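Engineer: Return atomic coordinates for the entry below.
(one chain, ligands or ions: 1)
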Amino acid sequence: MLTQAQRDIVKSCVPALKAHGLALTRNFYTRMFEGNPELKHLFNMSHQASGEQQQALAMAVLGYAQNIDDPSVLAPVIGVITAKHVSMGIRAEHYPIVGHHLLAAIGEVMGEAATAEVLDAWAAAYGQLADLLIAAEQALYTQAASVPGGWSGWRPFHVQQVVRESSEIVSFYLKPTDAGALPPFQPGQFVSVRIVDAEGMARIRQYSLSDAPHQEHLRLTVKREDGHGDAPSGRVSTMLHVDVAEGDVIELSFPQGHFVVDQQKATPLVLLSGGVGITPMLGMLGHVTRQQPERTIHFAHAARNREVHAMNDWLRAMAARHERLDVEIYYENVGVHDVAGVHYDKHGRMDAAQIAANDRLADADYYVCGPRGFMTTQIDALKQAGIPDTRIHAEFFGAALA
Ligand SMILES: NC(=O)C1=CN([C@@H]2O[C@H](COP(=O)(O)OP(=O)(O)OC[C@H]3O[C@@H](n4cnc5c(N)ncnc54)[C@H](O)[C@@H]3O)[C@@H](O)[C@H]2O)C=CC1
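Structural biologist: Modelled structure (predicted):
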């Protein structure tokens, strides 16, 4: 039980966390991977190399310390963390290991300031957070195993079909090897893929499901991530593109995530995507046009150019079939053979404020997914256009909390 005195101690560490949070989380990950190298496969080591994961954890620890009096403020963040943990297979037994290395890191980074009282307070605070996460995660595991077609842990899937969608994007149609039913997930949710690489190390990554739920297959649509500059190439994405073929088996976790459409509402939907951020939007679009055909949808997508632009034919066919659906494609670079109204609609980058000014879209909920710069630009534009936060939903791939 965390006492008020311990809460006060944790809060008193906020300035130190602001100054040294990153040193702390770097120290923590180094210790943990040295002490428990078996946990490496649970982490995206590219996010470790880029520092993104350390930054994300530093922000999380700081956020927790700042809100220790009322952790309910953190509920949305906790929802994101638990969904990701469950999709990766994090279990109760992992928490004491993390706690052990985190306390050792606090001790080392804070030096003399880390008195016995300070360390006790952090141990109690960590214990409280761990209990909360373990309970929430157990509830998600239980739910995943209890729905029809559901499962907990890893389920093997055959790659039934591989379809090239653009010069850098490929879809994988997946059927469970047990030939059992598929679950009623919510479009916009993601799964983890687990593949064993050439060195025998299991790698885990999250990908949005890119099709509406039905009994035929699950579909993932993946961009090949070639490294450039400081950014390494995407390990699992490259394996999927290069090594995985029809007939192969990959393992999936049960779908998770909160980037989903509220189908209790009938108000318009605006789906804004950039590049491979189109993937969750495809499932949402397929599902909502089927389940709520009367609902107005504005589907705006930005791509660099026609070569990398995925799913255009499908989108145009959907727009032709659904009167209440508008599709609007932006190309940054228009080629001489690109035809306005066929391949793209607008030249340049998307401006969400212009879209939000459309009277037909009053009271709409906005869903945003794309590269980081795209997302911040569109979210800022929507906020400036007066759209309240409650109607802006975003999906960050990667170490989301950063
Ligand atoms: N939700 C997420 O966190 C997502 C992250 N990504 C990451 O972003 C990287 C690039 O993804 P690609 O599919 O190649 O997208 P991309 O780099 O081709 O960008 C797609 C379009 O988004 C717009 N855009 C890009 N940067 C922008 C900025 N700073 N401001 C305004 N608009 C911008 C442009 O119109 C561009 O054509 C991926 O490698 C992936 O790691 C991609 C999609 C979703």
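
Engineer: so what's the residue in the stretch 301-402 of the chain that the ligand sits nearest to up against?
Structural biologist: The ligand sits closest to G373 of the stretch 301-402 of the chain, with a gap of 2.1 Å, by CB to the nearest ligand atom. Bear in mind the C-beta positions are built from the backbone N, C-alpha and C, glycine included. Taking CB atoms under 8 Å, 6 or more residues apart in numbering as the definition of contact, G373 has no neighbours.

Engineer: now V270
Structural biologist: By CB under 8 Å, 6+ apart, the contact list for V270 reads 297-298, 300, 355-356, 361, 364-367.

Engineer: what's the answer for L271, then?
Structural biologist: 281, 284-285, 297-300, 367.

Engineer: who wins for most neighbours among these?
Structural biologist: M281 (29 neighbours; other CB atoms under 10 Å).

Engineer: close to the ligand, is the helix or strand where that residue lies?
Structural biologist: Using DSSP states H and E, the element containing M281 is helix 278-291. No - interface with the ligand: helix 278-291 contributes nothing (CB under 6 Å from any ligand atom), its closest point being 7.9 Å away.

Engineer: contact partners of that helix?
Structural biologist: Against helix 278-291 from outside (CB under 8 Å, 6+ apart): 187-190, 207-213, 220-221, 259-261, 263, 269, 271, 273, 295, 297, 299, 301, 310-311, 314-315, 318, 321-322, 325, 367, 369, 395.

Engineer: how much space is there between T142 and the ligand?
Structural biologist: 29 Å (CB to the nearest ligand atom, to the nearest Å).

Engineer: no, scratch that, I was asking about A125
Structural biologist: With the distance defined as CB to the nearest ligand atom, A125 ends up 30 Å from the ligand.

Engineer: helices or strands next to the helix or strand hosting that residue in the packing?
Structural biologist: Per DSSP H and E, A125 falls inside helix 116-146. Judged by 3 or more CB pairs under 8 Å, 6 or more residues apart in numbering; DSSP states H and E, helix 116-146 is in contact with helix 4-12, helix 52-66, helix 75-88, helix 94-110.

Engineer: What residues sit buried inside the third one?
Structural biologist: Residues of helix 75-88 classed as buried by neighbour count (16 or more other CB atoms under 10 Å): 77-78, 80-88.

Engineer: Of the helices and strands packed on helix 116-146, give the one that comes closest to the ligand.
Structural biologist: The ligand lies closest to helix 52-66 among these, at 10.6 Å (CB to the nearest ligand atom).

Engineer: Centre of the chain to that closest one, how far?
Structural biologist: 17 Å (CA atoms, centre = their mean, to the nearest Å).
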